[in-house]
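K.L.:
got a predicted model here, sequence first, then my questions.
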Amino acid sequence: MENQSDRVAKLISYERPDTTGPKHSLFSITPIHEPEALKVTLTQALGVIGVVKKTRTLVHVGQTRVHIDDVYGLGQFMELEVMMRPGQNHEEGAKIAEDLKKKLGIKETDLIDCAYMDLILEQTQNGGTL
């Protein structure tokens, strides 16, 4: 759940493969007007396996949303999210992402293939602390 004090909270569900490089992502966003009550309900129903604490800066470059994240305990990350236009195919979106990746100096070895929560869980399982 994304909760920012100056805006309505949002529950965001992502469905995307754990692979590096450009990938198709499906997501659903639901505004939450009582975030603390929903947090209690979800915690009681499902439990909590972890919390991702991050500060995000969002920059638009053409039709690409550049997410610059400072993730507590993990470091800094960047995500390129190409907002596909009607009629564009996956190859066009991948080319836009690859071109911007090249301009930003991002190498293939810089890419990760999982979510921040996966990294947090891996770190704590290996004896690290956040």
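P.N.:
Structure received.

K.L.:
buried sites along the lowest-mean-pLDDT helix or strand in the chain?
P.N.:
Here the helix or strand of the chain ranked lowest by mean pLDDT, DSSP states H and E is strand 9-15, holding a mean of 87. Using 16 or more other CB atoms under 10 Å as the test for burial, strand 9-15 gives 9, 11. In this view, the C-beta of every residue, glycine as well, is placed from N, C-alpha and C.

K.L.:
go on, stretch 113-130?
P.N.:
Result for stretch 113-130 [16+ other CB under 10 Å]: buried residues 116, 119-120.

K.L.:
all helices of this protein, in order?
P.N.:
Residue ranges of the helices in the chain, as given by DSSP state H, are 35-46, 90-103, 116-125.

K.L.:
pLDDT averaged over the last one - what is it?
P.N.:
What it means is helix 116-125. Confidence for helix 116-125, expressed as mean pLDDT, is 92.

K.L.:
low pLDDT regions in the protein?
P.N.:
Applying pLDDT under 70 to the chain picks out residues 1-6, 128-130.

K.L.:
mind running it again at 90?
P.N.:
Low-confidence segments of the chain (pLDDT under 90): 1-27, 124-130.

K.L.:
circling back: tabulate the helices of the chain (a markdown table), appending distance to residue 69.
P.N.:
Shown next, in a markdown table, are the helices of the chain (distance: least, CB to CB, whole Å):
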| stretch | distance to residue 69 |
| --- | --- |
| helix 35-46 | 20 |
| helix 90-103 | 16 |
| helix 116-125 | 8 |
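
K.L.:
mind checking which of those is nearest residue 61?
P.N.:
helix 90-103 (6.2 Å; CB to CB).

K.L.:
hmm, who's touching the closest one?
P.N.:
Outside helix 90-103, the residues that touch it by CB atoms under 8 Å, 6 or more residues apart in numbering are 21-22, 24, 61-64, 66, 80, 82, 84.
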